[in-house]
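Chemist: missing the sequence, but the structure's below:
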């Protein structure tokens with residue numbers, strides 16, 4: 001395959017909901033470009049794009065496929081993105097390295113949920129869009145109604161470049177108002193006749209052409225002057241204006257197709273080659289927001305946007321050339337890891353079809369294999385380049401579950417496989433939570449997580465099961481308390497002895513250092529169960545001799561004061577006391593959750609000349625802390641997330657009621673386009689499987705995102721319930 005210059009490359013992604021025909025359209029484009037010699041179908045499980053077993057089983061795209069077509073001396077790089085929102089990561093990846101999206105709309109079903117979500121994603125990523133109304137051969141196709149809804153829901157800048165003479169089972173003719181020609185297809189697609197527009201259609205065609213001319217002229221001052229002077233634009237001037245409008249997202253051209261019968265695809269590809277901008281109109285940026293000129297004469301740099309593991313080949317890395325050029329056996333550097341890499345082969349990829357190319361120029365997309373130390377989102381570059389290409393920003397996870405291998409012997413293998421899956425899909429995040437003692441899998445929805453399980457069970461042969469994920473609660477205190485604990489153990493020879501007195505109080509930023517406490521002394525001993533000795537209120541002065549301020553890894557602080565006077569505890573035992581406290585902070589006294597935001601003042605104690613040692617004071621400090629904590633009006637904190645729900649207005653009542661039932665605090669509501677947006681703070685404990693519930697409440701039309709906001713106190717009734725559950729679980733372990 002020959003190498004294409006930047007000006008002859010077009011990068012497009014195919015977006016839309018499930019069953020809008022993206023994969024079938026891609027098949028037609030590959031067929032027209034002679035990349036394949038016959039068109040496959042989704043039902044027959046033989047399309048170029050959906051070649052993976054899971055896609056054959058589900059008859060839907062799960063992953064974005066990298067494809068290409070050669071047409072009219074140009075190369076069209078195509079990324080076919082899945083239609084389900086659970087696989088939004090694949091869609092974002094596709095948009096990240098393409099310049100223009102084709103948004104497919106079902107000619108009979110009209111603007112569906114998936115169409116709306118795809119439009120919203122394109123808008124969020126500032127992606128130019130061409131609208132392709134597909135399935136116009138459906139017997140109940142509604143072209144006019146679909147156009148009307150597109151203008152209402154999307155933009156008044158939606159402009160028809162084409163319209164069907166007859167939508168329905170007789171759909172074979174398209175009138176194009178840019179070329180002012182009628183394109184007539186055979187009943188099975190294929191050969192196209194280019195004819196003059198019949199008189200019966202001329203008035204409609206001219207009216208739509210005038211609308212297109214005005215829309216094109218609005219995007220260029222020079223064209224606007226020509227339009228005012230001549231009252232019209234010629235075809236090339238229209239192309240220039242449309243191209244400018246596409247780049248600025250000020251014009252959204254509409255095309256008509258039936259991918260199933262290959263009607264309208266050739267003309268769509270002609271428009272892509274002749275009008276859609278080349279990659280130099282959409283240069284990539286570095287991580288500081290600076291533009292990287294898409295110029296083949298500049299030093300080489302490329303962005304690795306996707307990694308897959310292919311049978312018989314191993315890991316395959318896909319990249320877009322941001323600048324410069326690259327050829328076989330090219331030595332470069334990974335700008336993230338600093339490691340040297342050699343790009344041994346350049347491959348043009350269309351599903352399982354891989355063809356070698358000698359060179360790739362700025363703006364092109366290619367794949368390579370056997371890179372040593374390069375991952376998704378890395379930058380590869382030649383000597384002299386000192387920037388990183390901006391990484392793709394993925395949405396926060398919306399669904400979490402605990403996962404375990406059915407056979408514990410597979411645990412290590414499971415972790416390794418899940419990390420490999422994350423390398424291919426950054427929105428599928430795996431972690432082992434030491435705090436919760438669970439392996440957690442985070443994704444974009446229940447379907448996303450279930451697809452991961454399918455791969456584990458069927459491809460990697462690791463039987464797994466999902467469990468309810470635990471909540472990472474935090475423990476803290478709200479008042480001052482004191483405890484003295486005496487650890488005493490005698491067993492023949494040298495024993496153990498250590499006594500520690502401490503005061504606990506809540507930590508608050510800017511709070512004055514401790515000085516005087518009025519306390520009721522309480523002494524606990526290891527030799528007596530819960531012995532309490534109360535001596536009335538005692539005023540205890542604090543003489544601070546040392547201070548450790550510890551930023552806890554899980555958030556919050558521990559401030560540890562040494563206020564020992566007269567050497568009642570040797571200085572060498574103070575670190576042991578702190579170690580004991582830290583052990584208990586990592587497994588809080590209430591529910592075993594991490595504790596935070598506490599000040600501890602160790603002010604007194606006792607030693608034994610023979611039996612005192614570090615272990616004695618570690619245990620004494622740990623237990624004194626535990627007793628004092630439980631008497632300091634302790635509170636359980638829960639993670640609260642900021643949630644934004646996008647929904648159609650008619651679903652507002654049901655969704656609002658559901659949120660309130662999840663203990664949500666509604667922060668406000670605002671309109672965003674044709675949607676309503678609810679802003680709320682919701683406890684994580686109430687968000688389990690929310691994506692599934694929201695889809696049910698809205699018939700799939702609502703969407704949401706969530707991000708950690710803060711820790712807040714758990715309501716008393718829920719705290720009491722959680723404490724009882726923890727106590728029962730501890731009994732079961734005994």
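Modeler: The structure has been received and is ready for your questions. Bear in mind the structure is a predicted one, so any value in this text is a computation, not a measurement. Numbers count the residues shown, from 1 in each chain.
Chemist: next secondary structure after the helix or strand bottoming out on mean pLDDT in the chain?
Modeler: The helix or strand of the chain with the poorest confidence is strand 537-541; it has a mean of 67 (mean pLDDT, DSSP states H and E). Counting by DSSP states H and E, the element after strand 537-541 in chain order, helix or strand, is strand 546-551.
Chemist: partners of that next one, with directions?
Modeler: strand 557-562 (antiparallel) (DSSP bridges).
Chemist: now the angle from the helix or strand that comes right after the strand it pairs with to strand 557-562?
Modeler: Counting by DSSP H and E, the next helix or strand C-terminal to strand 557-562 is helix 574-586. In terms of direction (axes from the mean of the first three to the mean of the last three C-alpha atoms, to 10 degrees), helix 574-586 departs from strand 557-562 by 150 degrees.
Chemist: ok, and what's touching helix 574-586?
Modeler: Contacting residues not belonging to helix 574-586 are listed as 500, 546, 548, 550, 552, 558, 560, 562, 564, 569, 594-596, 598, 600, 602, 614-615, 617-623, 625-626, 629 [C-beta atoms under 8 Å, 6 or more residues apart in numbering]. C-betas here are computed from N, CA, C, even on glycine.
Chemist: drop anything exposed from those residues.
Modeler: Using 16 or more other C-beta atoms under 10 Å as the burial test, those include 500, 552, 558, 560, 562, 564, 569, 594-596, 598, 600, 602, 617-623, 625-626, 629 as buried.
Chemist: where along the stretch 201-350 of the chain do the strands fall?
Modeler: Counting by DSSP state E, counting those that start in this stretch, the stretch 201-350 of the chain has strands at residues 252-256, 301-310, 314-323, 325-327, 330-334, 340-343, 347-350.
Chemist: also the stretch 551-700 of the chain?
Modeler: Counting by DSSP E, counting those that start in this stretch, the strands of the stretch 551-700 of the chain are 557-562, 594-595, 598-606, 635-647, 665-672, 675-683.
Chemist: what residues does the fifth one touch?
Modeler: Applying C-beta under 8 Å, 6+ apart, the external contacts of strand 665-672 come out as 646, 652, 656, 659, 660, 676, 677, 678, 679, 680, 681, 682.
Chemist: change it to 6 Å
Modeler: 677, 678, 679, 680, 681 (C-beta atoms under 6 Å, 6 or more residues apart in numbering).
Chemist: what is the neighbour count of the first one?
Modeler: Look at residue 677: counted by other C-beta atoms under 10 Å, it has 15 neighbours.
Chemist: and it, bridged to which residues?
Modeler: Bridge pairing for residue 677 - DSSP bridges - gives residue 646, residue 670.
Chemist: which residues touch it?
Modeler: 644, 646, 670.
Chemist: what is the neighbour count of the second one?
Modeler: What it means is residue 646. Neighbours of residue 646 (other C-beta under 10 Å): 19.
Chemist: again, but for the last one
Modeler: When counting by other C-beta under 10 Å, one arrives at 10 neighbours for residue 670.
Chemist: please tell me how far it sits from residue 646.
Modeler: Here residue 670 is placed at a distance of 11 Å from residue 646 (C-beta to C-beta, to the nearest Å).
Chemist: the host helix or strand of residue 151: which residues count as buried?
Modeler: Assessed by DSSP H and E, residue 151 sits inside helix 143-153. By 16+ other C-beta under 10 Å, the buried positions in helix 143-153 come out as 143, 146, 147, 149, 150, 151, 153.
Chemist: got those residues as CSV, with distance to residue 723 and pLDDT columns?
Modeler: Shown next, in CSV, are the buried residues of helix 143-153 (distance: C-beta to C-beta, whole Å; pLDDT from 0 to 100):
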residue, distance to residue 723, pLDDT
143, 63, 96
146, 58, 96
147, 61, 96
149, 54, 94
150, 56, 95
151, 58, 95
153, 50, 89
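Chemist: out of the residues you listed, which is nearest to residue 464?
Modeler: residue 153 (40.8 Å; C-beta to C-beta).
Chemist: how close does that closest one sit to residue 74?
Modeler: Residue 153 sits 32 Å away from residue 74, going by C-beta to C-beta.
Chemist: next one: residue 224
Modeler: 29 Å.
Chemist: more neighbours, those two?
Modeler: Between residue 224 and residue 74, residue 74 has the larger neighbour count (other C-beta under 10 Å), namely 20 against 16.
Chemist: how about stretch 194-202: buried residues?
Modeler: Neighbour count says stretch 194-202 has residue 197 buried, by 16+ other C-beta under 10 Å.
Chemist: contacts for that stretch, please.
Modeler: 175, 181, 182, 184, 205.
Chemist: so which of those residues belong to strands?
Modeler: Counting by DSSP state E, the contacts of stretch 194-202 place 175, 181, 182, 184 in strands.
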